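*Asks:* Quick one, fold the following:
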Amino acid sequence: MAVTVVLWILLSNISNKLEALTAKKTTLSEECRECATQRNQHPMQQVSVDMWTSHHLMENELLKAVAMQPVSVAIGASSNDFLFYSTGVFTGECGTDLNHAVTVVGYGTSEEGMKYWLLKNSWGTQWGDKGYMRIDHLCVIMNLFTPDSNLTCKACA
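*Replies:* Residues are numbered from 1 along each chain as shown. Below is the predicted model:
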């Protein structure tokens, strides 16, 4: 479950600092940019995830959010129907034990007129429809997890 992972990270004394490397264009201060250039690195701003927020979304709220950007949601992924999904709109057992995080990247209506969410899974392109799933819009995926983060520039050490 997404909540379990976040809690485990926060409670296990694992560093909560993320310093990702990205393209050379950055909004960092001159001090950080110079240091990164000397090390041939291109860091983004440091992100500290100290807290997380769980939101229970209504369908129209999720539609608005997905129209703006991909959204991470929790889903029940234990059923054989889910594990062995391959094509079409998933109408199998949705499950209420939310134990897996996926990304909602879109939505639509099938040729048969069924509304669906387009999910991107983390299990690779061998799973589902090249790593994606179209799932009935009525399935339980309305829990969204977002980090409460502080973006700061950490001077190079």
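*Asks:* Which of the three states applies to residue 119?
*Replies:* strand (DSSP: H, G, I helix; E, B strand; the rest coil).
*Asks:* Is residue 62 part of a helix or strand, or is it coil?
*Replies:* Once three-state DSSP is applied, residue 62 turns out helix.
*Asks:* pretty sure it contacts residue 104?
*Replies:* Yes: at 6.8 Å, residue 62 counts as touching residue 104 under the criterion of C-beta atoms under 8 Å. Where you see a C-beta, it was placed from the backbone N, CA and C, and this is true even at glycine.
*Asks:* Counting neighbours, go ahead and name the busier of those two.
*Replies:* residue 104 (23 against 20; other C-beta atoms under 10 Å).
*Asks:* What's opposite the more buried one in the beta bridge?
*Replies:* In this entry, residue 104 is beta-bridged to residue 71, residue 119, by DSSP bridges.
*Asks:* any idea how far residue 65 is from it?
*Replies:* Here the criterion is C-beta to C-beta, to the nearest Å. By it, residue 104 lies 8 Å from residue 65.
*Asks:* Over to residue 87?
*Replies:* 26 Å.
*Asks:* try residue 113
*Replies:* 24 Å.
*Asks:* Please apply the same query to residue 77.
*Replies:* For residue 77, the distance to residue 65 - C-beta to C-beta - is 21 Å.
*Asks:* wait, doesn't residue 134 sit right on residue 120?
*Replies:* No: look at residue 134 against residue 120 with C-beta under 8 Å: they stay out of range, at 11.2 Å.
*Asks:* Show me the helices in the protein, by range?
*Replies:* Using DSSP state H, the helices found in the chain span residues 2-11, 30-38, 59-68, 80-83.
*Asks:* Tell me the helices and strands packed up against the third one.
*Replies:* It refers to helix 59-68. strand 71-75, strand 100-109 (3 or more C-beta pairs under 8 Å, 6 or more residues apart in numbering; DSSP states H and E).
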